[in-house]
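Novice: got a structure for you, letters missing:
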């Protein structure tokens, strides 16, 4: 089974040359680190000939005439790596990503398609060069030999089966380790080889097995097999990212929700069928609509109108993302949730294109514990919450979490997901510790308070007629304040008051805002 | 279809009217042959209805009074302001969330206090809070405010606006409750109508209560309603009235005409509960009361 290896030397430099090919003829050095401690990370051949080596400081290399300096760009390297993967994928479906600058390919069965192994190697190099990357390609009977040959020999190398030891023998022992590998183990091993006078792979291959294993253990035997080219392993294939997307471009714009729902239903069924085929589910749906002649949103497309040309109308994007608490795979539930969401947030313009994407995740385990109390089914719960949100408002339904603040109303609403909480939280309360509850008035009711000896004596509340009359009893004030260092500081005095009503004495919490001087009835003790 | 014979097979089949005309003794003889009514099982008892499972309300005294809260039934707690209804609500919520049940609170007046609930031991991760909108009036509020301030007429206008807001929030509460009960899976669903004026709450049609009661029947859901006065009528299997027995630290001082000191605290409420109706026992309900005390917890 033949294998090929594509290797890009000085990868950070190659990543820059891919974007700026005009620098190929110049000396180029890539720097890494923060100023003023930047050091040379990689150089091209021209810079190497000019005496620039990796590890030199910026100050040292700045004196070199004609040298172009660039900072290391991980973004460029990622893009270059993706291009390398695309190049490999165009030849073989089975590839292994052995590093940012090394790709292994399984060439089994490709000779009948692409020709001889040498031709395949040349085509690989030509294709990579078209992508802006200068590569070395090696073909061998096992992947490790191909990798060593690609690292050690520039250009194209084809090693016949059985000739691995002979071809690899001239390579230095440093080739066994990856570029920039400065781990203590590899440095220690290299030091050991140097002390023994081992400079090349043929010398390592010639060492006796037993003696080598006694000194270096199984690791030493492995390095020797690499040097001899007798290792064999299977590739760890790269799996392309799974994309579950459906798109449809309409001949006529859709203006009503019903026909849109029909189209979405079809797309959702396709998406769910594809997910089911791979035993996956989804927890996030992204809906993207192209609108025609929309009233708001930023313009993303406009064609220049020339003489006699037909002007195309401007299009705008409308995005909605549906996040689910648990992975689901029911197209009807998805459709209902999308319908409810679009009813609450209509696009505002006719729709000309629909794009629907699902984020694949593993499906949830349906079996719950035998002794756990029942909880709402996630599908039903999600629909119910969406419907209730349509009635009371989006941020008016959910669970809540207390904020770490003394500010009144210090809480925030969040998604309700009881299935995610399996462990008991909080301490159990003994039935003897019954807490007096406060019922909050939202918003707080403004009141007119008459003071007597600096204590509230009479109250009148316009919005709550029952809070009117003499204050029978008042305790306080309890003073609190906070956030004085922020724009929205607060300061208040709290009183507990008792007011006579028709049904009896009622207790209220009366608050005086010290910043505005207003009196408010915040709630009632019940 | 009944399987027992209404008349003995050997009885002569003669029209009763003619028999009555002919011989009264024959009528009595035939009547005596009819099986005694006491031995006939009435239709209401043909099917044995199991008693619902009872769960703790979080208050020992109340559990002793009612046996707990029944699953699959509607429990109604009524009381005026500062009677202890909300304390009871929080205790039941805390007990249910501690049992790891998913709970829902439909808050018609958006009156829920998270701080009090946290002190009561409610696990918020298991509580769904539905905050009904009270700020979506049918009339613009500024129009009423511009009419003037402090007059009786203005107060009436504010009252009307308040009433219309309440009605829309009650509608939201009823719709949300219906959706939650149809969805199922909740151990406790609470409807807080404590701040809804009784005239408004009374207008909730009985069909709505009946619908709710049928929705929770044969399910493990406890439906718990708080009102100012009984509203659910016959649909409530358990009706409890709470009142403030004595407002501690207040009542005694008020009665003794003692001016309270600056630093005196509200110790808590002394609540008395009266069981007005219980459909869970097949015997006349004895009026029973229970009292318990809550404690005010101050931060800091």
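Specialist: Here it is on my side, so go on. Owing to the predicted nature of the structure, the values given are computational and were not obtained by experimental measurement.
Novice: Would you mind pulling the contact partners of the helix or strand where residue A:412 lies?
Specialist: Assigned by DSSP states H and E, residue A:412 belongs to strand A:411-414. Residues outside strand A:411-414 that contact it (C-beta atoms under 8 Å, 6 or more residues apart in numbering or on different chains) are A:395, A:396, A:397, A:398, A:399, A:400, A:401, A:402, A:403, B:114, B:129. Heads up, the C-betas are built off the backbone N, CA and C, glycines and all.
Novice: Do a quick rundown of the strands in chain B.
Specialist: For chain B, strands defined by DSSP state E occupy the ranges B:54-55, B:69-70, B:74-78, B:103-107, B:127-131, B:188-192, B:222-227, B:238-247, B:269-278, B:288-293.
Novice: Could you give the number of residues near residue 223?
Specialist: Chain wasn't specified; assuming chain A. Neighbourhood size, residue A:223 [other C-beta atoms under 10 Å in any protein chain shown]: 23.
Novice: Wait, chain B was what I had in mind.
Specialist: Counted by other C-beta under 10 Å, the residues lying close to residue B:223 total 31.
Novice: and it, bridged to which residues?
Specialist: For residue B:223, the beta-bridge assignment (DSSP bridges) gives partners residue B:74, residue B:189.
Novice: Now do it against chain A, distance only.
Specialist: As defined by C-beta to the nearest C-beta, to the nearest Å, residue B:223 lies at a distance of 15 Å from chain A.
Novice: Contact partners for that residue?
Specialist: Here residue B:223 is in contact with B:73, B:74, B:75, B:181, B:189, B:191, B:212, B:213, B:216 (criterion: C-beta under 8 Å, 6+ apart).
Novice: The fourth one - nearest residue in space that isn't next to it in sequence?
Specialist: Once its chain neighbours are removed from consideration, residue B:181 has its nearest residue in residue B:215; the separation is 3.9 Å (C-beta to C-beta, 6 or more residues apart in numbering or on different chains).
Novice: just the last one next, same as before
Specialist: Here the nearest residue to residue B:216 in space, its sequence neighbours aside, is residue B:223; by C-beta to C-beta, 6+ apart that works out to 4.8 Å.
Novice: ok, back up a step: okay, the contacts of strand A:411-414 in CSV with pLDDT, distance to residue A:359 and neighbour count next?
Specialist: Written out in CSV, the entries for the contacts of strand A:411-414 read as follows (pLDDT from 0 to 100; distance: C-beta to C-beta, whole Å; neighbours: other C-beta atoms under 10 Å in any protein chain shown):
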residue, pLDDT, distance to residue A:359, neighbour count
A:395, 88, 24, 11
A:396, 92, 27, 19
A:397, 93, 24, 26
A:398, 93, 22, 21
A:399, 93, 24, 20
A:400, 92, 27, 20
A:401, 92, 25, 12
A:402, 92, 31, 13
A:403, 91, 30, 12
B:114, 94, 33, 20
B:129, 96, 29, 22
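Novice: wait, doesn't residue A:418 sit right on residue A:375?
Specialist: Yes. Residue A:418 is in contact with residue A:375 according to C-beta atoms under 8 Å; the separation is 5.2 Å.
Novice: So for residue 50, what's the pLDDT?
Specialist: In the absence of a named chain, chain A is used. Among the per-residue scores, residue A:50 shows a pLDDT of 88.
Novice: meant chain B, my bad for not saying
Specialist: Residue B:50 is assigned 72 on the pLDDT scale.
Novice: follow-up on the earlier one: most widely separated two among the contacts of strand A:411-414?
Specialist: Among the contacts of strand A:411-414, the pair separated by the greatest distance (C-beta to C-beta) is A:397 and A:403, at 19.0 Å.
Novice: Which residue ranges of the chain form helices?
Specialist: In the absence of a named chain, chain A is used. Listed in chain order, the helices of chain A (DSSP state H) span A:11-19, A:45-49, A:58-62, A:74-89, A:111-114, A:117-130, A:143-152, A:164-168, A:184-196, A:201-205, A:209-228, A:257-277, A:331-344, A:378-392.
Novice: that's the other chain; I wanted chain B
Specialist: With DSSP H, the ranges of helices along chain B come out as B:16-22, B:24-33, B:60-66, B:85-98, B:114-120, B:141-146, B:152-183, B:198-202, B:206-216, B:251-255.
Novice: related to what we said a few turns ago, identify whichever of the strands of chain B lies nearest to residue A:328.
Specialist: Closest approach to residue A:328 among the strands of chain B is made by strand B:127-131 (18.9 Å; C-beta to C-beta).
Novice: any bit of that closest one sitting next to chain A?
Specialist: Yes. Applying C-beta under 8 Å from any C-beta of the partner chain, one finds strand B:127-131 in contact with chain A at B:127, B:128, B:129, B:130, B:131.
Novice: Determine which two of those are furthest apart.
Specialist: That would be B:127 and B:131, which, of the residues of strand B:127-131 next to chain A, are the farthest apart (C-beta to C-beta) at 12.2 Å.
Novice: Please name the residues that touch the residue positioned nearest the centre of chain A.
Specialist: Averaging the C-alpha coordinates of chain A gives a centre point, and the residue nearest to it by C-alpha atoms, centre = their mean is residue A:359 (11.7 Å). Taking C-beta under 8 Å, 6+ apart as the criterion, residue A:359 is in contact with A:244, A:282, A:283, A:284, A:285, A:286.
Novice: could you redo those as CSV and give each row distance to chain B?
Specialist: Listed next are the contacts of residue A:359 as CSV, based on distance: C-beta to the nearest C-beta, whole Å:
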residue, distance to chain B
A:244, 28
A:282, 22
A:283, 19
A:284, 22
A:285, 21
A:286, 26
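Novice: Please tabulate those in JSON lines, including the columns pLDDT and neighbour count.
Specialist: Supplementary listing: the contacts of residue A:359 in JSON lines, determined by pLDDT from 0 to 100; neighbours: other C-beta atoms under 10 Å in any protein chain shown:
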{"residue": "A:244", "pLDDT": "86", "neighbour count": "18"}
{"residue": "A:282", "pLDDT": "91", "neighbour count": "21"}
{"residue": "A:283", "pLDDT": "90", "neighbour count": "18"}
{"residue": "A:284", "pLDDT": "92", "neighbour count": "14"}
{"residue": "A:285", "pLDDT": "93", "neighbour count": "23"}
{"residue": "A:286", "pLDDT": "94", "neighbour count": "15"}
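Novice: Ranked by average pLDDT, which of the helices of chain B falls at the bottom?
Specialist: helix B:141-146 (a mean of 34).
Novice: thinking again about what came up before, what sits in contact with each of residue A:418 and residue A:375?
Specialist: Any residue near both residue A:418 and residue A:375 by C-beta under 8 Å, 6+ apart counts here, and that gives residue B:102.
Novice: The two - which one has more neighbours?
Specialist: Set residue A:418 next to residue A:375 and count neighbours by other C-beta under 10 Å: residue A:418 wins out with 25 against 19.
Novice: Distance check, that one against chain B.
Specialist: If you go by C-beta to the nearest C-beta, the gap between residue A:418 and chain B works out to 4 Å.
Novice: Spatially nearest residue to that residue (excluding sequence neighbours)?
Specialist: residue B:102 (4.4 Å).
Novice: got the contact list for residue A:491?
Specialist: With C-beta under 8 Å, 6+ apart as the criterion, the residues that contact residue A:491 are A:479, A:480, A:481, A:482, A:484, A:513, A:514, A:515.
Novice: Could I get the contacting residues of the fifth one?
Specialist: The contact partners of residue A:484, by C-beta under 8 Å, 6+ apart, come to residue A:491.
Novice: What of the first one?
Specialist: Applying C-beta under 8 Å, 6+ apart, one finds that residue A:479 lies in contact with A:491, A:492, A:493, A:494, A:514.
Novice: Return a PyMOL selection command for the buried portion of those residues.
Specialist: The buried subset of the contacts of residue A:479, as determined by 16 or more other C-beta atoms under 10 Å in any protein chain shown, is captured in PyMOL by this line:
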select buried, chain A and resi 492+493+494
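Novice: quick one: which of the contacts of residue A:479 is nearest chain B?
Specialist: For chain B, the nearest member of these is residue A:494. The distance, counting by C-beta to the nearest C-beta, is 10.1 Å.
Novice: I'd assumed residue A:509 was in contact with the closest one.
Specialist: Yes. Residue A:494 is within contact range of residue A:509, at 6.1 Å (criterion: C-beta under 8 Å).
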